[in-house]
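**Student:** Provided below are the primary sequence and the corresponding predicted coordinates.
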Amino acid sequence: MNKPRTEKTGYGRDGFTLIELTIVLIIISVLFAVAGPRIAKGLSGLSLTTSARNVAAALRYARSQAVNKSQLYSVIFDRERAQVVIRGIPKPVAPAFADAEQEEAGDEVDIGESRKPVAPEVKMVTVADGIMFQEIIIGGREFTGNKDELPQIIFFPDGTSQGGEIVLTNNRDRAVSLQIDFLTGVVTVAEKAA
């Protein structure tokens with residue numbers, strides 16, 4: 001037989017009460033208030049680490065290009081714009097008297113092509129907002145924050161460099177040091193104690 005259908009006419013426990021929802025929202029807001037600064041600190045540290053790796057990659061790129069192309073490469077640190085500029089320094093142009101000597105020798109090689117000025121290769125790497133160059137020491141000389149100075153490190157075709165140390169910092173007093181070995185041109189990145 002059929003059972004009679006009973007309907008609930010009262011208040012059932014099918015949902016949450018307003019008090020329960022309010023308590024859950026208060027707990028979530030307290031957790032965000034506690035965890036928020038830690039998350040922000042982690043993101044600030046991440047941008048410092050990323051910027052240090054990008055600058056190190058730029059230095060390594062300049063060294064490899066200097067070796068591969070057998071020419072000087074310059075890495076310029078622009079504190080005002082918070083960027084690094086990598087620039088190939090073209091080889092000197094052959095002197096004009098080489099044409100006369102070549103014609104006398106009877107060579108049919110055209111050296112006019114080799115004397116065309118080559119536009120220097122230029123690449124830029126920008127560091128993240130809030131990251132700055134705290135210390136720049138190149139070849140034993142420390143560069144202060146003077147606006148007239150544009151410190152640069154040169155990488156030579158044999159892989160050597162002037163050597164130095166670049167220290168990047170963020171607004172939370174965390175620092176990362178980039179060491180450039182003068183003999184090998186190898187770049188190492190390490191956390192620096194504040």
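**Tutor:** Thanks, I have it.
**Student:** Just checking, which helix or strand of the protein averages the lowest pLDDT?
**Tutor:** helix 97-105 (a mean of 54; mean pLDDT, DSSP states H and E).
**Student:** check which helix or strand covers the residue most central in space within the chain.
**Tutor:** Closest to where the C-alpha atoms of the chain average out (CA atoms, centre = their mean) is Asn54, at 2.5 Å. Assessed by DSSP states H and E, Asn54 sits inside helix 18-69.
**Student:** So which elements touch the helix or strand following that helix?
**Tutor:** Using DSSP H and E, the helix or strand that directly follows helix 18-69 along the chain is strand 72-78. Under the contact criterion of 3 or more CB pairs under 8 Å, 6 or more residues apart in numbering; DSSP states H and E, strand 72-78 touches helix 18-69, strand 83-89, strand 152-155. In this view, the C-beta of every residue, glycine as well, is placed from N, C-alpha and C.
**Student:** and if we set it to 10 Å?
**Tutor:** helix 18-69, strand 83-89, strand 122-126, strand 132-138, strand 152-155, strand 164-169 (3 or more CB pairs under 10 Å, 6 or more residues apart in numbering; DSSP states H and E).
**Student:** and of those, who's closest to Val176?
**Tutor:** helix 18-69 (4.0 Å; CB to CB).
**Student:** Can you spell out which helices and strands pack onto that closest one?
**Tutor:** Helix 18-69 sits against strand 72-78, strand 83-89, strand 122-126, strand 152-155, strand 164-169, strand 175-180, strand 187-192, with contacts defined as 3+ CB pairs under 10 Å, 6+ apart.
**Student:** Appreciated, that's everything.
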